[in-house]
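1. Okay, here's the prediction I keep looking at, along with the sequence it came from:
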Amino acid sequence: MPIYKIRGIDVDFPFQAYDCQVVYMEKVIQSLQEGKNALLESPTGTGKTLSLLCATLAWRKSFGEFSTYPNEDKGWGSSQPSSSQSVSSTPSDSQRSGLPVIIYTSRTHSQLKQVIRELKTCNYRPKMAILGSREQMCIHDNVKLLRGKAQNHACQYVCKKRKCRHHSQVSEFMKKHNPLGNEPFDIEDLVNIGRHKGPCPYYVSRELHKSADILFAPYNYLIDPGNRRSLTGIPWSKAVLIFDEAHNLESICADAASFDLPSTYITSCISEANQCIDLCIKKRAIEKSADKQFDPDNYAILKALLMKLEKKIGEVVIQSKELGFTRPGNYIYEFLSDLNVTYETANMLMDTIDNAAQFLEEANNAASGAEAKPKGTVCRLETIKDVLNIIFRDGGKSHSLFYRFHVQESQSNYSESFKAKNFRTLSWWCFNPGIAMQEFEKLGVRSIILTSGTLSPLDSFALELNLKFPIRLENPHVIDSDQIWVGVVPTGPSGYPLNSSFRTRDSLEYKQELGNTIVNFARIVPDGLLVFFPSYYMMDQCIECWKSMSHASSTQVLTIWERICKHKHPVIEPKQSALFSNAIEDFEMKLRNQSTSGAIFFAVCRGKVSEGLDFADQAGRAVVITGMPFSTKTDPKVRLKREYLDQSASRSKTDLKGLTGEEWYVQQAARAVNQAVGRVIRHRHDYGAIIFCDERFLQQGRQEQMSYWLRPHVKGYSKFGDVIFTLTKFFREKKDSLVLRPKQKEIFLVDECCSDKDGLPQIMGSLSQSPINSVSIPVQSSSGKPRLLIQASTNRTKTDNYIPVGSIPPANRATLPDQFNNLQQQFNYFKRDLESHCVEVVDLSSEEVLKLPFSLKKQKVLETRNDHLERENKRALPLSLCGKISEKKEVILGNTSSGTSCSGEVESRGSAFLTQVREKLSVAEYKDFVGFMKALKSKTMTITPVLESIAKLFSFPGRFSLLKMFKDFVPTKYHEKYEELLRIHRPQD
């Protein structure tokens, strides 16, 4: 693997890095070395995650070796430790106190799963840990069925009563399994350890984080003060915080520091307090206990206070239903003082609520019987505790300057009998997301790195977080200029302006012109087309109009909607989250349909489609933005946020100009556009078009807020005919250029979201080149999000030269060459990798190699068919397998002078073995077998779990001979491990 010396740090990168990756790693290392914060934008598909990991871990390693323990097998928790791996070998806190700790966070666990997958790709093996919720980690037979706070209460209850055997095994397990964390693992792996060996994965992860070099966690473990305090093993002054996918960080921070308290919640809390009073009276009558926890007077006080709060909210005078009742943030203390709620009394109330939650849980389970399943209690009173924690944080009131107190009438979703009741919501909104980030400054963390594919505009993003970011980067893309078409379309086919502003969006002429514009794009763009509207309202209005009207100047009887459907099958993004998966399946199915040139997905900016999916390759050849997705100005939260920013900017006494309300309002819309645009161009070899159908995008200010990599490609068109001409030419040229690329005969799609009981990837199926177009189910993409992998039909007239593209990792990892699609050859590759003595290994870390001149920039030269294939093959294979490709396109690996006989022998044995494997395994099992070999080849799995999985596959009756024969293809140093597997799976006489 190449080693790059960047700012004096040797960075071991698993591939030849692109220029933008080297620049990105340089900025990361600069931030870490200088102890400064960084704001780094790099487009999706540029290998951002891998570059971030390699740079950060290389810098960390410069301080000393990682805290991993010697383990010959390199497995994480696969065997008992030797004497050298005893508990006493664990580095003490004092030994580790001088070493930095990396905390890597992202929004979702699926994104973290992808990050860990990238960690497996690189050479660095730090001691790692990952944090997750009980919902993801619990393996208790009954508690795992619960969700949310009910699950948390049930877990705490069974642990306290020593009714959870998994929790009781954690301490002993950790003593015996020091190697756990030496190799990368994710939550599913940890859960499998718990299922097979007994310990609770949730509490194991809590123990692991205390000794980890790198800790992976969702945002809320850092942003939420309670979760952050639970991380007792972190030396914050030595910590480096990384926020990946940070484009939504400011809204997440603000929401975490705010609350909305509906009066219906207060009513439920009153009911729970009353329940506690009744339970206490009964308990005291039976047990004669004087325990303060069971004092009914405490809960009577709580109930009375809640009733006063409910009444006081109801008495607030709201003169305008639209404006509500608004006061400065510090008004909350005046409001609560009338209820005798101060910092001191709030702490007593929170203690009472804690006792109430515990009391209700115990009473709930006691009523069900000793042997009954733990039910888990949803305690609404804990909402009051959360509210008090936000209001009285740190015992001060200074943070209230960044808040607004607001009471408004609430929309009632209850039955007719409740409609007459006055429902209100008390809100305390934080308009300074920097509060959460400033907590990290107080802790004295070394550096904070924020990164994403869509952070632009950076200045406003930094102002929002109230942090200094001296180190910034807006990276270009790795694609060439001929892989993207970006145009602003100010007018439609008839010359009517396209402008979705409030002034024109409801006009019939606008909706009609936009519809006819999309008809043209549906005709030109091959395969998948994405159309994003500013809001659900606009999408619904336009589609309703298109379904009922045809073009005024057309003699056709078809409506606009029917003309769109003539070219592409439509799918509409649903408002309900529960229906979203059905919409995705519908889109996949319609992409398979050969009666049209693909499918069209109508979606909304800020919706699930705009952030939750990767539409790589044929799934998304173009994205249409129909307007600026501005938030509703009359929304109370938006209105107050703008007022707050304007007041703050006018009061600013520093040289740094504050962000105004209008600037924030515009940049929020711009960032939503950038997110939607990022659905296409997902990797180095992808291509597509980005079409802005709103004349406002011609304005220089609007274009300056687009992502940096996009700006050079933007071109405005005064005539709609020019748009159609250049766009048609773009897709025709891309179609013709793909003729030079070797077509893949078969693709195996590994669904890395799904796994078997051992957490191993499963082969989901094979896509063969046939007249039938096929689409896979969603799998994880390079960004960790569900991705659509599509193989275009070979007989579709408009897309017959589009090449099926498998799971293409970011930036510099190409698709497998067509030789890999032959199972016979694929198995030979696997065997040659194991029989490493037959292969000439290239050591790029040697001084001899490092002295060779090379350029980080790819030379743009005309490639022949075989030249291209050779380069693609070398980039796809591990360095030890790189060889050359003959004119007949047969892959020749290793040392061709000395390894020929060895290679022939391996191929002969492999051919005979594969024949028997095909005979004795079902089609699905055979695909599993090939999948395990591919996983080893791509280094997504280490050899030990691969051997264990194959051994299980061959352990069924009548297959033991396969298990014995497979030993011939296992390297000698793993024979002992394989013999153990043979003993385990040997048939019983």
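-> Alright, I've got the coordinates.
2. any idea how far Ser595 is from Asp255?
-> Computed with CB to CB, to the nearest Å, the distance linking Asp255 and Ser595 is 45 Å. Every residue, glycine included, has its C-beta placed from N, CA and C.
3. Apologies, that question was intended for Ile691.
-> In terms of CB to CB, Ile691 sits 24 Å off from Ser595.
4. Next: Ile560.
-> 19 Å.
5. With neighbour numbers in mind, choose between the two.
-> Ile560 (26 against 8; other CB atoms under 10 Å).
6. The more buried one against Gln512, yeah?
-> Yes - between Ile560 and Gln512 there is a contact under CB atoms under 8 Å: 7.1 Å.
7. Pick out the residue nearest the middle of this protein.
-> Gln111 (2.5 Å; CA atoms, centre = their mean).
8. and the helix or strand hosting that residue, what other elements does it pack with?
-> For Gln111, the host element (DSSP states H and E) is helix 109-121. Here helix 109-121 touches helix 48-61, strand 101-106, strand 128-130, strand 214-218, strand 746-755, strand 779-780, going by 3 or more CB pairs under 8 Å, 6 or more residues apart in numbering; DSSP states H and E.
9. one more time with 6 Å
-> helix 48-61 (3 or more CB pairs under 6 Å, 6 or more residues apart in numbering; DSSP states H and E).
10. list the buried ones in the helix it packs on?
-> Buried residues in helix 48-61, defined by neighbour count with 16 or more other CB atoms under 10 Å: 48-61.
11. That one vs helix 109-121, what angle?
-> Angle, helix 48-61 to helix 109-121, by axes from the mean of the first three to the mean of the last three CA atoms, to 10 degrees: 60 degrees.
12. Name the residues that touch helix 48-61?
-> With CB atoms under 6 Å, 6 or more residues apart in numbering as the test, helix 48-61 has contacts from 9, 11, 13, 21, 24-25, 28-29, 32, 42, 100, 102, 115, 118-119, 122, 124, 126.
13. just stretch 687-707 next, same as before
-> Contact with stretch 687-707 is made by 454, 456-457, 483, 485-490, 497-500, 517, 621-627, 670, 674, 677, 680-681, 714, 716, 734, as judged by CB under 6 Å, 6+ apart.
14. okay, now Ile223: neighbour count?
-> There are 22 residues near Ile223, going by other CB under 10 Å.
15. Next one, pLDDT for it please.
-> What the model reports as pLDDT for Ile223 is 90.
16. I'd assumed Ala256 was in contact with it.
-> Yes - using CB atoms under 6 Å, Ile223 is in contact with Ala256, at 5.0 Å.
17. If you rank every helix and strand of this structure by mean pLDDT, what lands last?
-> Using mean pLDDT, DSSP states H and E, the weakest-scoring helix or strand in the chain turns out to be strand 891-892, at a mean of 28.
18. what about Pro957, which SS state?
-> Assigned with DSSP: H, G, I helix; E, B strand; the rest coil, Pro957 falls in the coil class.
19. shift numbering so it begins at 52
-> Taking 52 as the first residue, the last one we looked at is Pro1008.
20. Please name the nearest non-neighbouring residue to it.
-> Spatial nearest neighbour of Pro1008, excluding adjacent residues (CB to CB, 6 or more residues apart in numbering): Pro1038 at 7.0 Å.
21. Name the SS class of that neighbour, please.
-> At Pro1038 the chain is in coil, as set by three-state DSSP.
22. For Gln67, see how far away it is.
-> 49 Å.
23. higher neighbour count, these two?
-> The neighbour count for Pro1038 versus Gln67, taken as other CB under 10 Å, is higher for Gln67 (17 against 10).
24. What about that one? Give its phi and psi, please.
-> phi -70, psi 120 (degrees, to the nearest 10).
25. what's near enough to touch it?
-> Pro53.
26. okay, it: pLDDT?
-> Gln67 carries a pLDDT value of 89.
27. Tell me where the stretch 52-201 of the chain is predicted with low confidence.
-> Along the stretch 52-201 of the chain, the model assigns pLDDT under 70 to residues 52, 120-148.
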